[in-house]
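**Q** For reference, the sequence and a predicted model appear below.
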Amino acid sequence: MNGSQRPTDPLLASLAAGVAFLVAAAATVIVGELAGWDRAAWTGLHLALLGGVSQLVIGVSQFFVTAFLATSPPSRRVTVSEVAGWSVGSVAVAVGVAAGSDPLVIAGAAVLLATLALYLVVLRNLARGSLQKAPWASRWYRASTAWLVGGIVAGVMLATGVAWSHGSLLGAHLAFNLGGWLGGAIVGTLHTFFPSLTRTQLRFPRLQPATFLLWSLGVAGLAAGYGFGQGTVTVVAWALLFGAACALAVNLVSSAFRAPRGLPLSARLVAWSQPFLPVGVAFALVAALDQPLTPLVGSDRAVLAVLLVAGWIGLTVAGSILHLVSVVVRVRDFSRPVPAPNPVRDGVLVGVAVGGVALLALALATSIDPLRWPATALLLLAALALATIALRSVILAFRLGPGGHLG
């Protein structure tokens, strides 16, 4: 179990585990809603974000750092430990909260924290094993890990009923997990991933330090503002995050305009998901100016969840999965021709996904109930189609095996 690996081997392991969690999350929500289980939506969301998307962040970030530093990937034993540890911890937390078992929640959180410690060790070893000095290769991921530690602690306090009279633990938990961990990792990855995906270069690389500073201060402000009930701090934090989102948008839009025609579905999804970040943060900022402590814990939370979680995080992750699985398939069989883009199919899929998110956000923001059903139907249709494409590619990658032969 301690043998050497190709850089794509740990990537495939995390992709497979992440996709499995996403499928399990969808099944949990559907079956739970049909059975009238009131915790179905919560459990499905945590299986998707904690077990699925976070699993992808851990694996994909190591793949990018390995490639960026031109060093060797972690051993197979380390990869198995990371995937197994994160999977066990995620399931334990989700089941523990659903069953009301505090010991199971605490045990699951401990496993997650131990896996994060291993993840940081891997990032450090990758940097030490490289002849290059590239601090930005892992800086975003190390910062995001620190935020997740805070999110896990706040989550355990929430799940075990710890009394907190200073402010909203839920708001701090969401700020740490969504803004710090998932948001920070995605923003950091996009600085290198999006240009390569669109076959361009980052137009303004000097904006990255400013983006990092604004994003970090914004996340810290959100967590502190909600956690201690400081409305003015939350308003300033949303403004800082909006500045970071605009700085990122400037770089990505510049890359998109330089991209050649005929981009694949993965690139289109990632590109079209990016406007949801500044729009979502702007919505939160406007809401916070009126009621500073409501965007993450009040009635506006549903709109924000659609724009940022379903629109920005969801579609960015979907496009990233499609691209990275295609990379694994290509590396495992160089004789296999690169699939040609299907402009009609890709355009329809992207339009359905983006339109569904926009329509549902509009329905929630304006309280126009008749729009919710068609918007939800569009999102489910897009999710089913994208999941089918991703699963088919993951299965093909496993069937090809390391030698590039079908099993």
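**A** The structure has been received and is ready for your questions.

**Q** Tell me the gap between the helix or strand that contains V29 and the middle of its chain.
**A** Assigned by DSSP states H and E, V29 falls within helix 8-35. Centre-to-centre, helix 8-35 and its host chain are 14 Å apart (CA atoms, centre = their mean, to the nearest Å).

**Q** correct me, but R76 touches R6?
**A** No - proximity of R76 to R6 does not meet the contact threshold set by CB atoms under 8 Å, at 10.5 Å. Where you see a C-beta, it was placed from the backbone N, CA and C, and this is true even at glycine.

**Q** re the thing from before, which other helices and strands does the helix holding V29 contact?
**A** helix 40-46, helix 54-69, helix 76-99, helix 315-332, helix 372-400 (3 or more CB pairs under 8 Å, 6 or more residues apart in numbering; DSSP states H and E).

**Q** Turn these into CSV, including mean neighbour count and mean pLDDT.
**A** Listed next are the helices and strands packed on helix 8-35 as CSV, based on neighbours: other CB atoms under 10 Å; pLDDT from 0 to 100:
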stretch, mean neighbour count, mean pLDDT
helix 40-46, 18, 91
helix 54-69, 23, 92
helix 76-99, 19, 95
helix 315-332, 22, 86
helix 372-400, 16, 85
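
**Q** In TSV, list those along with distance to T115.
**A** Converted to TSV, these look like this (distance: least, CB to CB, whole Å):
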stretch	distance to T115
helix 40-46	16
helix 54-69	8
helix 76-99	4
helix 315-332	20
helix 372-400	22
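
**Q** for those helices, which one sits closest to S299?
**A** helix 372-400 (15.0 Å; CB to CB).

**Q** coming back round to it: mind checking the helices and strands packed on helix 8-35 for the one nearest to G347?
**A** That would be helix 372-400 among these, by CB to CB, at 12.5 Å.

**Q** Hey, what's the angle from the closest one to helix 315-332? Just curious.
**A** Here helix 372-400 points in a direction 20 degrees away from that of helix 315-332 (axes from the mean of the first three to the mean of the last three CA atoms, to 10 degrees).

**Q** now helix 372-400, how far from the chain's geometric center?
**A** So, by CA atoms, centre = their mean, the centroid of helix 372-400 is 17 Å from its chain's centroid.

**Q** can you check stretch 89-104 too?
**A** Computed by CA atoms, centre = their mean, the chain-centroid distance of stretch 89-104 equals 22 Å.

**Q** what does it contact?
**A** 21, 39, 42-43, 46-47, 50-51, 54-55, 105-112, 115, 155, 159-161 (CB atoms under 8 Å, 6 or more residues apart in numbering).

**Q** The same query, at a cut-off of 7 Å, please.
**A** Identification of contacts with stretch 89-104 by CB atoms under 7 Å, 6 or more residues apart in numbering yields 39, 43, 46-47, 50-51, 105, 107-109, 111-112, 115, 159-160.

**Q** Can you tell me which of these has the most neighbours?
**A** L50 (27 neighbours; other CB atoms under 10 Å).

**Q** does that residue count as helix, strand or coil?
**A** What DSSP: H, G, I helix; E, B strand; the rest coil gives for L50 is helix.

**Q** Per-residue pLDDT of it, please?
**A** According to the prediction, L50 has pLDDT 95.

**Q** List the buried residues of the helix or strand harbouring P278.
**A** Using DSSP H and E, P278 falls within helix 276-290. Across helix 276-290, burial judged by 16 or more other CB atoms under 10 Å covers 276-285, 287-288.

**Q** which one of the helices and strands packed on helix 8-35 lies closest to W140?
**A** Taking the helices and strands packed on helix 8-35 one by one with CB to CB, helix 54-69 is closest: 8.3 Å.

**Q** quick one: low-confidence parts of the protein?
**A** 1-4, 333-339, 400-407 (pLDDT under 70).

**Q** got a list of what I152 touches?
**A** Counting by CB under 7 Å, 6+ apart, I152 has contacts 109, 112-113.

**Q** Ignore what I typed, I meant V105.
**A** The contact partners of V105, taken as CB under 7 Å, 6+ apart, are 93, 96-97, 156, 159-160.

**Q** Same check on L248?
**A** L248 touches 187, 190, 211, counting by CB under 7 Å, 6+ apart.

**Q** Ok, T160 next?
**A** 102, 105 are the contacts of T160 under CB under 7 Å, 6+ apart.

**Q** Distance check, it against G171.
**A** Computed as CB to CB, to the nearest Å, the T160 to G171 distance reads 18 Å.

**Q** mind listing the helices for the stretch 151-300 of the chain?
**A** Counting by DSSP state H, counting those that start in this stretch, the stretch 151-300 of the chain has helices at residues 169-174, 184-197, 207-227, 231-258, 265-273, 276-290.

**Q** pull the CA atoms of the fifth one into PDB?
**A** Taking Å, rounded to 0.1, in the frame of the first residue of the first chain, the C-alpha atoms of helix 265-273 are listed here in PDB:
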ATOM      1  CA  LEU A 265     -18.700  21.800 -21.500                       C
ATOM      2  CA  SER A 266     -16.500  21.800 -18.400                       C
ATOM      3  CA  ALA A 267     -15.000  25.200 -19.300                       C
ATOM      4  CA  ARG A 268     -18.400  26.700 -20.100                       C
ATOM      5  CA  LEU A 269     -19.900  25.600 -16.800                       C
ATOM      6  CA  VAL A 270     -17.000  27.100 -14.800                       C
ATOM      7  CA  ALA A 271     -17.100  30.300 -16.800                       C
ATOM      8  CA  TRP A 272     -20.800  30.800 -16.600                       C
ATOM      9  CA  SER A 273     -20.900  30.000 -12.900                       C
END
